[in-house]
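Asks: Got a predicted structure plus its sequence, pasted below:
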2 protein chains.
Amino acid sequence: VKVAVLGVGLIGGSIGLAASQRAGAHVVGYDPDAGVLSNAVELEAIDEPAFELAGAVADAEFVFVAAPVGATVDTARLALQETGAQCVVSDVGSTKQQLVEALRDPRFVGGHPLAGAETAGVENSRADLFDGATWYLTPGAETQAESVRRLSELLGALGADPVEIDARVHDRLMASVSHLPHVLANLLVAQAASVASDSLDAGGEHAGALSSGPSFRDATRVAGAGRAIWPDIYMSNRDALIEALDAAIAELGDVRETLSAGDAQRLADWHERAHTTREQLRRAGLLAGS
Amino acid sequence: VKVAVLGVGLIGGSIGLAASQRAGAHVVGYDPDAGVLSNAVELEAIDEPAFELAGAVADAEFVFVAAPVGATVDTARLALQETGAQCVVSDVGSTKQQLVEALRDPRFVGGHPLAGAETAGVENSRADLFDGATWYLTPGAETQAESVRRLSELLGALGADPVEIDARVHDRLMASVSHLPHVLANLLVAQAASVASDSLDAGGEHAGALSSGPSFRDATRVAGAGRAIWPDIYMSNRDALIEALDAAIAELGDVRETLSAGDAQRLADWHERAHTTREQLRRAGLLAGS
């Protein structure tokens, strides 16, 4: 089986390693950065470098587009043009609806592996990066079932757990469990810094000694993280993220009114509901690793 | 030195253990629950049980009110009435301004140790609970400097790091680094559950396989936590929390407008600023343990 990886960063490189080591694939890699390509060959993340896209995808049975979000649609479209009926084309981007609507082809399946958020670069590639990881698949209206089936089989061989999901539901889910939490982390550091700087103005000597607990550290761990990719991620999922922001603004307004009215019982009920809901999410597997 | 602890839960019990073992104090404990008191004696968290408040505080040099937030003002007021000029009275509540305004006394110093958020109950008490922990002190307008000095000395002996701070700044800081993060964690689980349940309605079989990453797990770790105390904590800090909520609503509105306008540069600048700010907070020690 020949697998082409277009864009050889952490995800592309890890797909290459896993496909080669676990599925016996011949992996051809393309990257606009020749230095990355030679690194990838040295690390055995790819078996063969290609210096143009057409050469990389020729005769491939699977093409993974692992380019930056902004380049995904064009790269995938080229890959579909340059390959024949035997080839399944997929991607690894974190938002799916726009993409699936732009690439209406029986051979295209949107994809999104939940892995690798903490690092970047081909040098961090690992054959086991996807072990046990959910890999969302979002077929479009035109996608053939056979494309999804073949891709799922390969992903299973890479160690991942492929899960089919509607592209719109996927994007709303990601807005809720990933994009909104990142926005809120950014918001929290901004507010804390503003209060801390007011404190410094008033007292002059407190800033060094100010302290918080583990809840703040955990809630802000991803603030400003992944600067090279996050602005694109927010923007690529803007419809679902705007919807999530509107819901967040409405709920914060409710909490504000409850506090303002001094309605302790309503506040207690709301907090209790969060406890129950968190337990439900945990049982549903939505709190990975906990 | 005689130390009285009014309310012998995790914090009261740990103060007792540390005061006894590290400051050679004779610790008298009072708790309305007789079972808690006998547990505390058995665990050596207190040296002597008292079955009424007046008996507990008689001749004490330090009184720590470690009662539930709702009972703190009345308990502290009684302790101030029942003790003489030699006695410093403090508390351990997580909001301070209302308390400091209600208890205008040369011998009262508001206090808030940043420790113990993860567990509860005298059975979890530890003599080293406050080792290296910031212990905020919020003297009021009437508080004598000598009261603060004596209390700081004792807290240092318990292993804590006493930090004086204006009560209003303290409450705004806690609203930003603790109370707002808890509200946002509650909000995140509610939104995710809503999207997950929509997904279930549409597809019927997805809920079990839905998955998220570590950012969601971390951001929601405290959702609905500490149900017995959190509604009171929110309510006791309502002014500062309302201020924090208003600022949050305004910032989410800005992000929404930026997304809606498709202003990628502004979004990237905002995200970059969060990165810089997080680094500043980290250097200022506001990201404990990281």
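Replies: Arrived safely. Quick caveat, the model's predicted, so the values are computed rather than measured.

Asks: did I read that right, A:Thr138 in a helix?
Replies: No - looking at A:Thr138 with DSSP: H, G, I helix; E, B strand; the rest coil, it is strand, so not inside a helix.

Asks: which residues in the stretch 151-290 of chain A form helices?
Replies: A:167-174, A:180-203, A:214-219, A:230-236, A:238-260, A:264-283 (DSSP state H, counting those that start in this stretch).

Asks: Kindly state which of those helices is positioned closest to chain B.
Replies: Nearest to chain B among these is helix A:264-283 (2.7 Å), distances taken as Cβ to the nearest Cβ. Backbone N, C-alpha and C define where each C-beta goes, glycine included.

Asks: Taking helix A:167-174 as reference, get the angle to the helix-or-strand element of chain A with minimal mean pLDDT.
Replies: Within chain A, no helix or strand scores below helix A:180-203, which has a mean of 84 by mean pLDDT, DSSP states H and E. Going by axes from the mean of the first three to the mean of the last three Cα atoms, to 10 degrees, helix A:180-203 is angled at 30 degrees with respect to helix A:167-174.

Asks: residue of the stretch 1-150 of chain A with the smallest distance to chain B?
Replies: Of all residues in the stretch 1-150 of chain A, the one sitting closest to chain B is A:Thr134 (3.6 Å; Cβ to the nearest Cβ).

Asks: Quick check on that residue: phi, psi?
Replies: The phi and psi torsions at A:Thr134 (degrees, to the nearest 10) take the values phi -70, psi 130.

Asks: next one: A:Val89
Replies: The phi/psi pair for A:Val89 (degrees, to the nearest 10) reads phi -110, psi 130.

Asks: give me every residue that touches it.
Replies: Going by Cβ atoms under 8 Å, 6 or more residues apart in numbering or on different chains, A:Val89 touches A:62-63, A:65, A:76, A:79-80, A:83, A:103, A:105, A:107-109.

Asks: The residue nearest the centre of chain A: helix or strand, and which one exactly?
Replies: With distances taken as Cα atoms, centre = their mean, A:Ser94 lies nearest the centre of chain A, 3.6 Å away. Assigned by DSSP states H and E, A:Ser94 falls within no helix or strand.

Asks: same thing with the one 5 residues further on?
Replies: Element membership for A:Leu99 (DSSP H and E) is helix A:97-102.

Asks: check whether that helix contacts chain B.
Replies: No - counting by Cβ under 8 Å from any Cβ of the partner chain, chain B is not contacted by helix A:97-102; separation bottoms out at 12.8 Å.

Asks: Need the per-residue pLDDT for the residue of the stretch 1-150 of chain A closest to chain B.
Replies: In this prediction, A:Thr134 carries a pLDDT score of 91.

Asks: Hmm, A:Ile165 and it touching each other?
Replies: No - applying Cβ atoms under 8 Å, one finds A:Thr134 not in contact with A:Ile165, separated by 9.5 Å.

Asks: Can you verify my assumption that the residue nearest to the centre of chain A contacts A:Met174?
Replies: Yes - using Cβ under 8 Å, A:Ser94 makes contact with A:Met174 at a distance of 6.1 Å.

Asks: Now do the shared contacts for those two.
Replies: In contact with both A:Ser94 and A:Met174: A:112, A:237, using Cβ under 8 Å, 6+ apart.

Asks: And for A:Gln81, the neighbour number?
Replies: Other residues near A:Gln81 number 11, with proximity taken as other Cβ atoms under 10 Å in any protein chain shown.

Asks: how about the host helix or strand of it: buried residues?
Replies: Following DSSP H and E, one finds A:Gln81 within helix A:69-82. Judged by neighbour count using 16 or more other Cβ atoms under 10 Å in any protein chain shown, the buried positions of helix A:69-82 are A:69, A:72-73, A:75-80, A:82.

Asks: that older thread, what distance separates the least confident helix or strand of chain A from the middle of the whole chain?
Replies: 26 Å (Cα atoms, centre = their mean, to the nearest Å).

Asks: near chain B at all, it?
Replies: Yes - using Cβ under 8 Å from any Cβ, helix A:180-203 reaches chain B at A:180-196, A:198-199, A:202-203.

Asks: got it, and stretch A:225-237?
Replies: Yes - Stretch A:225-237 comes into contact with chain B (Cβ under 8 Å from any Cβ), by way of A:225, A:227, A:230-232, A:234-235.

Asks: Now the buried members of these.
Replies: Buried members of those, scored by 16+ other Cβ under 10 Å, are A:225, A:230-232, A:234-235.

Asks: do you know how far A:Ser94 is from A:Ala240?
Replies: As for A:Ser94, its distance to A:Ala240 is 11 Å (criterion: Cβ to Cβ, to the nearest Å).

Asks: follow-up on the earlier one: taking helix A:238-260 as reference, get the angle to the least confident helix or strand of chain A.
Replies: Inter-element angle recorded for helix A:180-203 and helix A:238-260: 50 degrees (by the same axes, to 10 degrees).

Asks: Now helix A:180-203: buried residues?
Replies: Buried residues in helix A:180-203, counting neighbours by 16+ other Cβ under 10 Å, are found at A:180-193, A:195-196, A:199-200.

Asks: again with stretch A:30-37
Replies: For stretch A:30-37, the neighbour count (16+ other Cβ under 10 Å) marks A:30-31, A:36-37 as buried.

Asks: contact partners of stretch A:228-235?
Replies: A:68-70, A:94-95, A:120, A:179, A:182-183, A:241, B:259, B:262, B:264, B:267-268, B:271.
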